[in-house]
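Engineer: 3D model of this:
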Amino acid sequence: MTTDLLYSMATSVIFLSSTGVVLSVILIFAEKKILNYGPCKISINEGEREYTVQGGSSLLSSLSENEIFIPSACGGRGSCAYCKVKVLEGGGMIGPVEEPFLSPEERKDNIRLSCQVKVRNDLKIEIPKELFSVKRFSGVVEAKEQLTYDIVHLKIKLLEPKEISFVSGQYMQLESEEYKGKEAVIRAYSIASTPSQTDRVDLMVRLVPNGICTTWVFEHLKARQKICLSGPYGEFKLSDTQAPIIGIAGGSGMAPIWSIVNYMIENGIEREMTYFFGALTQRDLFLVDELEEVAKKHPWFNFVPALSNEPEDSGWAGETGLITDVVAKHFPDTSQHEAYLCGSPGMINACLNVLTKGGMPEENIFYDKFA
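Structural biologist: Just a heads-up that it's a prediction; the model follows:
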């Protein structure tokens, strides 16, 4: 193959790629500027709230502009599938981006990704009522504490609004800033503080290799820096039954369990609870002293850390092996318990298997699964 031919082929590829980019820009411009959809009405929950917006934007952003914040970990790019709402009228056809995220049951029930639904006419939608209480907050990082080599504890003082009402187990969405060519993104993190601390939220963030938001937190976010976040989100919370509790977490999944445990202490809730925390080695453990102190003071609480990859000669005297095996050893019969889980999707799926195998009904297992 000659040099001239290679140059010609490369030039053609560059031309076609550039043409594609230009056409995409033109289409976006045409959608937003040239095509005038005029004012469109969004009716929520049978008219409980109604907003008139300028057509052309996504349903997600149109709602956000009116301070209705739908969960979205990917910032509206159609890759997280958090922003599902029920679109009863006016949603148009399901597009190729959202199609893989919708089950046949969800399609039948008119569930859509709000980031992919364009507001081109009047819409009627349904959303969970609790989303009406979600707000966008500004805050300042009062402290950034290293818990392990890959987990930091952010203590955030709220500035505007100055107070928040939430339930232990819920999460916030943290907005990163642009850095080194990386765009701003939104990611979800469970709240580690307790509801009694109305003027603040604490988050535990685990470093994800090449993660845009976590890299920003670890390498660029400083103490005294102002940030933006929204919330609270989620239905993960302590039930009002008296069933004994099995808590299972790993890594930054510590956050909501830590909040729940402290909420129970503050409110005199003495339900029997065993909390299993899974880690690879001792360097992945944190808050051990604090949790062991809780166990000493409160007979209803038991803390069981377990290491799956600890060297045999380390002197570790605690539990070893996969956290699911440790749970099964302590609780072969789980039929009378409730479980509260927080960790990776893989860990949660494995825990679901072992708990249901022990006889626990699925409706007694509570969790938020973050990818």
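Engineer: Tell me which strands the helix or strand harbouring residue 143 pairs with, and in which orientation.
Structural biologist: Element membership of residue 143, judged by DSSP states H and E, is strand 135-148. Strand 135-148 sits in its sheet next to strand 151-160 (antiparallel), strand 226-233 (antiparallel), going by DSSP bridges.
Engineer: nearest to residue 350, of those?
Structural biologist: Residue 350 lies closest to strand 151-160 among those, at 21.1 Å (C-beta to C-beta). C-betas here are computed from N, CA, C, even on glycine.
Engineer: Buried ones in the strand holding residue 143, by neighbour count?
Structural biologist: Neighbour-count burial for strand 135-148, counted by 16 or more other C-beta atoms under 10 Å, picks out 135, 137, 139, 141, 144, 147, 148.
Engineer: Could you do stretch 323-340 as well?
Structural biologist: By 16+ other C-beta under 10 Å, the buried positions in stretch 323-340 come out as 323, 324, 326, 327, 328, 331, 334, 337, 338, 339, 340.
Engineer: Quick check: the two most widely separated of those?
Structural biologist: Spatially, the most separated pair among the buried residues of stretch 323-340 is 326 and 338, at 18.4 Å (C-beta to C-beta).
Engineer: that older thread, tell me which of the strands paired with strand 135-148 sits nearest to residue 109.
Structural biologist: For residue 109, the closest of those is strand 226-233, at 20.8 Å, according to C-beta to C-beta.
Engineer: could you dump the closest one to CSV, C-alpha only?
Structural biologist: Below are the C-alpha coordinates for strand 226-233, written out as CSV (Å, rounded to 0.1, in the frame of the first residue of the first chain):
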residue,chain,number,x,y,z
LYS,A,226,-17.9,25.3,48.1
ILE,A,227,-19.9,22.5,46.4
CYS,A,228,-23.3,21.7,45.0
LEU,A,229,-25.5,18.6,45.7
SER,A,230,-29.1,17.6,45.6
GLY,A,231,-31.3,15.3,47.6
PRO,A,232,-32.4,13.5,49.6
TYR,A,233,-33.2,10.5,47.4
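Engineer: Flag the shaky bits of the protein, pLDDT-wise.
Structural biologist: Applying pLDDT under 70 to the chain flags residues 1-35, 370-371.
Engineer: at 90 what do you get?
Structural biologist: Scanning the chain for pLDDT under 90 picks out 1-37, 71-82, 130, 133, 183-186, 234-235, 312, 343-346, 368-371.
Engineer: got the domain boundaries for it?
Structural biologist: 39-131, 135-233, 245-367 (automatic domain parsing).
Engineer: TSV please, covering those domains and showing distance to residue 239.
Structural biologist: Converted to TSV, those look like this (distance: least, C-beta to C-beta, whole Å):
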stretch	distance to residue 239
domain 39-131	16
domain 135-233	10
domain 245-367	6
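Engineer: residue ranges of the strands in the stretch 101-250 of the chain, please?
Structural biologist: 111-113, 123-126, 135-148, 151-160, 171-175, 186-190, 200-206, 226-233, 245-250 (DSSP state E, counting those that start in this stretch).
Engineer: residues touching residue 324, list them.
Structural biologist: Residue 324 sits next to 350, 351, 353, 354 when contact means C-beta atoms under 8 Å, 6 or more residues apart in numbering.
Engineer: could you redo the last one with a cut-off of 7 Å?
Structural biologist: Shown in contact with residue 324 (C-beta atoms under 7 Å, 6 or more residues apart in numbering): 350, 351, 354.
Engineer: Closest one of these to residue 194?
Structural biologist: The nearest member of the contacts of residue 324 to residue 194, counting by C-beta to C-beta, is residue 351 at 24.5 Å.
Engineer: which SS class is residue 68?
Structural biologist: Here residue 68 is recorded as coil under DSSP: H, G, I helix; E, B strand; the rest coil.
Engineer: how near is it to residue 48?
Structural biologist: Between residue 68 and residue 48 the computed distance is 11 Å (C-beta to C-beta, to the nearest Å).
Engineer: Just want to know which of the two has more residues nearby.
Structural biologist: Per other C-beta atoms under 10 Å, whichever of residue 68 and residue 48 has more neighbours is residue 68, with 21 against 11.
Engineer: Tell me how many other residues crowd the residue nearest to the more buried one when sequence neighbours are not counted.
Structural biologist: Nearest residue to residue 68, sequence neighbours excluded (C-beta to C-beta, 6 or more residues apart in numbering): residue 131, at 6.5 Å. By other C-beta under 10 Å, 16 other residues sit near residue 131.
Engineer: Please report how far residue 131 lies from residue 148.
Structural biologist: Taking C-beta to C-beta, one finds residue 131 at 33 Å from residue 148.
Engineer: just to revisit the earlier point, mind putting the strands of the stretch 101-250 of the chain into TSV with distance to residue 296?
Structural biologist: Below are those laid out as TSV (distance: least, C-beta to C-beta, whole Å):
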stretch	distance to residue 296
strand 111-113	48
strand 123-126	48
strand 135-148	21
strand 151-160	23
strand 171-175	30
strand 186-190	26
strand 200-206	23
strand 226-233	31
strand 245-250	18
